[in-house]
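Visitor: okay, sequence plus prediction incoming.
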Amino acid sequence: MKKVEIFDPAMCCSTGVCGPSVDPELTRVASAVYSLSQKGYEIERYNLANDPGAFADNQMINQLLHEKGPDVLPITLFEGEVVKEGTYPSTEEFSAWFNLSKEELKQKPKKRLSISLNQL
């Protein structure tokens, strides 16, 4: 299965809704990551403030941080290879990596609820 990993800079949250103003780019990425993970795709996000071990354990990420400094973040890996530095993946890139249309990516996951009226 295809795998995407996003290594975020240090921040208080990955959604973009904390702080004095909303960051629409972080909100877009958080929504895409949530949608993909709910659909069963392998996608992970690591925040430097909360997951420093993920940064230290990955030799490529560690090397890029030492060579280029923290401005290289965010870094995106696709199948273990660096595909983006300094910016987040676009909706088109997420779609291409997981063979989805942009519309499928934006669709909310559907969950089936089973309700029995006899139990009410």
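Guide: Happy to help now that I have it.

Visitor: show me where the chain has helices.
Guide: 24-38, 52-57, 59-68, 91-97, 102-106 (DSSP state H).

Visitor: per-residue confidence for Thr15?
Guide: Thr15 is assigned a pLDDT of 67 by the prediction.

Visitor: what would the helices of the chain look like in CSV with mean pLDDT, distance to Val4 and mean neighbour count?
Guide: (Glycine included, C-beta is placed from N, CA and C.) Formatted as CSV, the helices of the chain follow (pLDDT from 0 to 100; distance: least, Cβ to Cβ, whole Å; neighbours: other Cβ atoms under 10 Å):
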stretch, mean pLDDT, distance to Val4, mean neighbour count
helix 24-38, 90, 8, 17
helix 52-57, 95, 14, 13
helix 59-68, 96, 14, 13
helix 91-97, 94, 6, 17
helix 102-106, 78, 12, 13
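
Visitor: what about Phe98, neighbour count?
Guide: Phe98 has 19 neighbouring residues, counting by other Cβ atoms under 10 Å.

Visitor: touching, it and Ser35? I think so.
Guide: No - with contact defined as Cβ atoms under 8 Å, Phe98 and Ser35 do not form a contacting pair (10.1 Å).

Visitor: name the residues contacting each of those two.
Guide: Listed contacts common to Phe98 and Ser35 are Leu105; contacts here mean Cβ atoms under 8 Å, 6 or more residues apart in numbering.
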